[in-house]
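Trainee: I would like the atomic coordinates for the input below:
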Amino acid sequence: LDIANFNAPGQIIVSGEKKTLLSFRKFLREHGIKKVIPLKVSGPWHSRYMKPAQEKLAGYLENVEVKEAQVPIISNVCASPVTSACDIKENLIKQVTGSVLWQDSIEYLADNNVKTLLECGPGNILTGLIKRIDSSLECTPVNTYDTILTL
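Mentor: Numbers count the residues shown, from 1 in each chain. You can find the predicted model right below:
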């Protein structure tokens, strides 16, 4: 198994082969971990099992021009800002098999005086995680046309 995501205090996601995940779930329950939720996903994301996809992405990105970022990008792979084209490309490749450092990324933002965040996309899972990480942060899900108009 690999740790796929460090989401929030008390919430990590593991990734790997189904048989091993089932054994791990049993092990956790035997050791007093009561809340174990299998996620309905189609693959072992952010784990060593994604190495072939990582290699394919790396090959593809060799021919893609990535420019320096004008605004720093907080990479979930290192939980710190990157601006160089080389680092952006490298982190895109690393994220395929690397752990998502979501909690560290949000803590970095909070520690650097970010107060307001927008969650763009369907749902509001990240908004909930952000509140668990730092309840002083204001996060607004932007997931409908009306929300976009309101902003």
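Trainee: what sits against residue 118?
Mentor: Contact analysis of residue 118 by CB atoms under 8 Å, 6 or more residues apart in numbering lists 139, 140, 141, 142, 151. All C-beta atoms are positioned from the backbone trio N, CA, C, and that covers glycine.
Trainee: filter those to the buried ones?
Mentor: Among these, the ones that count as buried by 16 or more other CB atoms under 10 Å are 139, 141.
Trainee: Save the contacts of residue 118 as CSV, and put in distance to residue 82, pLDDT and secondary structure too.
Mentor: Below are these laid out as CSV (distance: CB to CB, whole Å; pLDDT from 0 to 100; DSSP: H, G, I helix; E, B strand; the rest coil):
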residue, distance to residue 82, pLDDT, secondary structure
139, 22, 95, strand
140, 25, 93, strand
141, 26, 93, strand
142, 24, 94, strand
151, 26, 85, coil
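Trainee: how far away is the residue of the chain most remote from its centre from residue 37?
Mentor: Taking CA atoms, centre = their mean, the residue of the chain most remote from its mean C-alpha position is residue 30, at 28.4 Å. Distance of residue 30 to residue 37, given as CB to CB, to the nearest Å: 17 Å.
Trainee: distance between stretch 63-75 and the chain's centre?
Mentor: Offset of stretch 63-75 from its chain centre (CA atoms, centre = their mean, to the nearest Å): 18 Å.
Trainee: Could you list the alpha-carbon positions for it in PDB?
Mentor: What follows is stretch 63-75, C-alpha atoms only, in PDB (Å, rounded to 0.1, in the frame of the first residue of the first chain):
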ATOM      1  CA  ASN A  63       7.100  17.900 -26.100                       C
ATOM      2  CA  VAL A  64       5.000  20.300 -24.300                       C
ATOM      3  CA  GLU A  65       6.100  23.900 -23.700                       C
ATOM      4  CA  VAL A  66       5.400  24.900 -20.100                       C
ATOM      5  CA  LYS A  67       6.100  28.600 -19.200                       C
ATOM      6  CA  GLU A  68       7.200  30.200 -16.000                       C
ATOM      7  CA  ALA A  69       4.200  30.800 -13.700                       C
ATOM      8  CA  GLN A  70       3.400  34.400 -13.200                       C
ATOM      9  CA  VAL A  71       1.600  33.500 -10.000                       C
ATOM     10  CA  PRO A  72       3.100  30.800  -7.800                       C
ATOM     11  CA  ILE A  73       1.500  27.400  -7.900                       C
ATOM     12  CA  ILE A  74       1.200  25.500  -4.600                       C
ATOM     13  CA  SER A  75       2.100  22.000  -5.700                       C
END
